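Q: show me the folded form of this:
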Amino acid sequence: MRITLPPVDPANIDSFINDDLLMRREFGEQLQNLVLNVKEPLVVSLEAPWGEGKTYFAHQWMKLLDEESSVKCIYFDAFKSDYHDEAFMTLLSLIYSYGKEELDEDFGSKESKLKGLKSAALSVFKSIPGSAARAGLKLIPLGDVLTEFGVDVSQQLLSKTSETLDDWMEKQFEAHSQADSHIKQFQNALDVLVKDVYGTTVEEKPLVIVIDELDRCRPDFALQLLEKIKHVFSTKSVVFVLINNPKQLQGSVRAAYGSEIDAHSYLQKFYTIAISLPKRPPLNLRQSYDLHHYMLYVFDKLEIRNEKINLLATCTAGLLSLHNKSLRDVEKVSGYLALYALGKEFNNLSARDIYVVSLLCVTRTIKPELFYRIYADDEVREEVKEFVGFNREEHFDKNLEDMSQFIYWLFVRNRSSVTAKELGVYQKQEGERAKGTLPRDKKSYVQRLIVPLHLMT
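A: The predicted structure follows:
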């Protein structure tokens with residue numbers, strides 16, 4: 001038995017045909033059609049909060065492109081490379097290495113095909129403002145202006161004659177004035193390389209570069225990547241798909257340019273289109289199919305076995321959905337449930353026990369301060385009532401309605417605190433208690449269920 005999911009090896013991620021747990025194949029096909037049919041430079045921002053399965057989808061989608069359309073893809077984890085200072089060289093190295101690996105030896109010399117890209121790239125690197133500086137070069141004062149036309153031997157420049165400096169500056173200005181021309185040559189070289197990578201195929205197809213974890217990068221590196229993609233690598237033969245959490249990426253913009261900037265509008269300048277990774281329609285007001293089905297999947301991987309496993313998934317996923325939690329939170333909660341399952345009583349839990357265990361595992365994961373207050377037997381009726389959504393007007397799943405009513409009753413310590421609106425629910429639960437179907441001692445009952453979890457902390 002495991003308490004955490006094993007790390008996912010991208011090589012072992014199956015295609016949508018065999019693994020469409022979150023029913024995203026149709027969306028993947030729509031994204032594929034976009035990539036294949038747009039005949040202009042295309043940058044797609046694929047957006048979702050953290051923990052929504054963006055990386056997993058990206059690898060499945062790349063397999064879809066390969067299997068159905070023979071489209072070539074490069075996956076790039078930007079976060080692993082943000083220790084670099086120069087985004088242009090990072091992207092260039094990525095494409096160059098891929099071309100060197102993919103070019104067919106029988107279709108001409110690799111070196112000759114790559115030579116044009118290297119030569120054009122060198123011209124671009126020299127002419128892009130800031131490229132030299134970020135490669136370890138220095139800023140040189142020029143009157144009242146700080147310019148980035150520097151060299152890594154700035155100390156030597158101080159000893160040069162004014163005539164030498166004038167000549168050097170003239171060359172720098174000339175190089176920068178030719179930047180647009182150099183970028184165009186580089187883009188043409190990139191188009192040629194992509195065509196050569198596909199070989200003799202008649203149909204023109206793009207090279208798709210999926211850049212993941214952009215929002216986790218250093219703000220300056222993330223913005224450099226966006227700028228270079230937009231202004232230098234923008235060509236119809238290369239499609240960029242940027243996987244990101246938009247709120248976090250907007251934070252990178254504010255970190256770089258100040259809190260007053262309209263970060264959303266700023267980022268839109270770099271995208272052709274922004275698309276949200278979809279969720280399936282909600283099962284009810286508080287629970288999504290995504291969380292419920294993924295929880296059953298995780299239970300299976302962690303070998304959590306119980307005859308009421310579906311009820312456990314329904315209640316736990318329902319609470320997580322109520323609080324807008326992600327697939328990653330499912331994994332965290334499931335770890336506590338896996339530990340709980342090691343106990344002797346797990347297979348003997350009643351439906352109402354499962355209600356409480358779900359509450360305890362979810363609070364332990366996403367609101368630990370409430371969990372510890374429950375353990376300390378503090379007065380938490382109002383907090384718990386809000387946490388389980390007791391006052392919601394509609395409950396499309398009977399189990400979730402029963403859970404909220406039972407847990408509300410369980411944490412009522414004083415009959416006089418029950419409001420007129422809550423009285424009907426309270427009296428119904430008291431009737432069940434009189435029949436012997438509910439615990440007589442609420443405190444002892446909660447403590448019995450919470451102790452295994454508390455011992456794990």
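Q: domain-wise, how is this protein divided?
A: The chain breaks down into these structural domains: 10-122+182-276, 289-456 (assignment by automatic domain parsing).
Q: redo those as CSV? Include mean pLDDT, distance to R2 and mean neighbour count.
A: To be clear about C-beta, it is placed using only N, CA and C from the backbone, and glycine gets the same treatment. Output for those, formatted as CSV (pLDDT from 0 to 100; distance: least, Cβ to Cβ, whole Å; neighbours: other Cβ atoms under 10 Å):
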stretch, mean pLDDT, distance to R2, mean neighbour count
domain 10-122+182-276, 91, 16, 17
domain 289-456, 90, 5, 17
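Q: could you pull out the helices for the stretch 101-250 of the chain?
A: Per DSSP state H, counting those that start in this stretch, the stretch 101-250 of the chain carries helices over the ranges 110-127, 131-134, 154-159, 162-177, 179-198, 219-231, 246-257.
Q: one step back: make CSV out of the domains of the chain and add distance to F173.
A: Listed next are the domains of the chain as CSV, based on distance: least, Cβ to Cβ, whole Å:
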stretch, distance to F173
domain 10-122+182-276, 14
domain 289-456, 51
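Q: nearest to T4, out of the ones you listed?
A: Closest to T4 of the domains of the chain, according to Cβ to Cβ: domain 289-456, at 5.7 Å.
Q: so which strand or helix has D402?
A: Mapping D402 onto the secondary structure by DSSP states H and E places it in helix 398-410.
Q: list the helices and strands that helix packs on?
A: helix 309-322, helix 351-366, helix 381-387, helix 423-434, helix 442-456 (3 or more Cβ pairs under 8 Å, 6 or more residues apart in numbering; DSSP states H and E).
Q: so L31 is in contact with S276, correct?
A: No: using Cβ atoms under 8 Å, L31 makes no contact with S276, being 11.6 Å away.
Q: mind checking the helices of the stretch 101-250 of the chain for the one nearest to L370?
A: Using Cβ to Cβ as the measure, helix 246-257 is the one of the helices of the stretch 101-250 of the chain that comes nearest L370, at 25.0 Å.
Q: residues in contact with the helix holding D402?
A: With contact meaning Cβ atoms under 8 Å, 6 or more residues apart in numbering, helix 398-410 is reached by 284, 286-287, 311, 314-315, 318, 351-352, 355-356, 358-359, 381, 384-385, 388-390, 392, 395, 422, 425-426, 428-430, 438-439, 442, 445-446.
Q: now do the end-to-end distance for stretch 300-309.
A: 10 Å (Cα to Cα, to the nearest Å).
Q: and it, how far out from the chain middle?
A: 27 Å (Cα atoms, centre = their mean, to the nearest Å).
Q: and for stretch 400-407?
A: Averaged C-alpha coordinates place stretch 400-407 at 33 Å from its chain's average position (Cα atoms, centre = their mean).
Q: got the CA coordinates for it in PDB?
A: Once non-C-alpha atoms are left out, stretch 400-407 reads as follows in PDB (Å, rounded to 0.1, in the frame of the first residue of the first chain):
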ATOM      1  CA  LEU A 400     -24.000  15.300   0.600                       C
ATOM      2  CA  GLU A 401     -27.300  16.600   2.100                       C
ATOM      3  CA  ASP A 402     -27.300  13.900   4.700                       C
ATOM      4  CA  MET A 403     -23.600  14.500   5.500                       C
ATOM      5  CA  SER A 404     -24.100  18.300   6.100                       C
ATOM      6  CA  GLN A 405     -27.200  17.700   8.300                       C
ATOM      7  CA  PHE A 406     -25.500  15.000  10.400                       C
ATOM      8  CA  ILE A 407     -22.300  16.900  10.900                       C
END
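Q: quick revisit: next, the angle from the helix holding D402 to helix 442-456.
A: When axes from the mean of the first three to the mean of the last three Cα atoms, to 10 degrees is applied, the directions of helix 398-410 and helix 442-456 differ by 110 degrees.
Q: what's the angle from helix 398-410 to helix 309-322?
A: Using the same axes, to 10 degrees, helix 398-410 lies at 70 degrees relative to helix 309-322.
Q: orientation of helix 398-410 relative to helix 351-366 in degrees?
A: Taking the same axes, to 10 degrees, helix 398-410 and helix 351-366 form an angle of 80 degrees between their directions.
Q: which residue is nearest the middle of the chain?
A: Residue closest to the average C-alpha location in the chain (Cα atoms, centre = their mean): W50, at 4.2 Å.
Q: for the helix or strand where D300 lies, what is the distance to the chain centroid?
A: Applying DSSP H and E as the criterion places D300 in helix 289-301. A distance of 18 Å separates the centroid of the chain from that of helix 289-301, by Cα atoms, centre = their mean.
Q: elements contacting it?
A: Contacts of helix 289-301 with other secondary structure elements, assessed using 3+ Cβ pairs under 8 Å, 6+ apart, are made with helix 309-322, helix 327-340.
Q: circling back: wait, the residue nearest to the centre of the chain sits on N245?
A: Yes: here W50 lies in contact with N245, judged by Cβ under 8 Å, at a distance of 5.3 Å.
Q: so who does the closest residue to L214 other than its chain neighbours touch?
A: The spatial neighbour of L214 that comes closest, neighbours along the chain excluded (Cβ to Cβ, 6 or more residues apart in numbering), is N244 at 4.5 Å. Counting by Cβ under 8 Å, 6+ apart, N244 makes contact with 45-47, 54, 214-215.
Q: where's N244 relative to K325, distance?
A: Using Cβ to Cβ, to the nearest Å, one obtains 20 Å as the distance from N244 to K325.
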